[in-house]
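Peer 1: only geometry, no sequence info:
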């Protein structure tokens with residue numbers, strides 16, 4: 001049994017803030033071969049999660065916000081934004097179930113963002129994700145510009161707070 005408490009959440013969020021990639025995950029499942037992959041994902045503003053999908057093999061993903069505000073961005077095959085959905089523990093949207101094959105990324109909208117993720121296993125690093133060819137690879141010189149443009153577009157598409 002694993003205890004998912006405030007101390008663990010604080011630890012994962014702190015590790016993300018110190019990470020060069022500005023993100024950190026914590027696997028709750030014991031092994032990559034487990035049929036159900038369960039993990040915590042902490043994201044800091046400025047992290048670049050390259051848009052991807054899980055098509056080969058097809059795997060849906062379920063995300064549930066635990067801390068902070070995030071935006072899920074779903075794309076058409078062309079790379080144009082289809083939807084931007086804000087989710088956070090205060091709602092009104094608490095999480096999402098992303099269908100297999102849907103292009104997506106997650107953008108943290110404030111520091112300390114943390115979500116629970118669940119998807120079918122096993123996890124096989126070489127075939128887990130289909131990377132979007134229209135989005136720069138992580139570390140590419142164009143990735144920072146792409147991320148800034150994506151963040152601006154997300155904020156533009158999100159409903160204005162009253």
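Peer 2: That came through fine. Worth saying up front: this structure is predicted, and the values here are computed from it rather than measured.

Peer 1: As a check, name the ranges of all strands in this protein.
Peer 2: Remark: strands assigned in the chain by DSSP state E are 23-27, 36-43, 52-53, 61-67, 70-75, 81-87, 95-98, 103-108, 113-120, 130-131.

Peer 1: could you dump those to a markdown table with mean neighbour count and distance to residue 149?
Peer 2: Glycine gets a C-beta too; all of them are placed from N, C-alpha and C. Formatted as a markdown table, those follow (neighbours: other Cβ atoms under 10 Å; distance: least, Cβ to Cβ, whole Å):
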| stretch | mean neighbour count | distance to residue 149 |
| --- | --- | --- |
| strand 23-27 | 18 | 20 |
| strand 36-43 | 20 | 18 |
| strand 52-53 | 20 | 18 |
| strand 61-67 | 19 | 23 |
| strand 70-75 | 22 | 12 |
| strand 81-87 | 17 | 11 |
| strand 95-98 | 18 | 22 |
| strand 103-108 | 22 | 12 |
| strand 113-120 | 20 | 20 |
| strand 130-131 | 14 | 18 |
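
Peer 1: Can you tell me who the spatially most central residue of the chain pairs with across the strands?
Peer 2: Nearest to the geometric centre of the chain sits residue 106, at 3.8 Å (Cα atoms, centre = their mean). Using DSSP bridges, the beta-bridge partners of residue 106 come out as residue 72.
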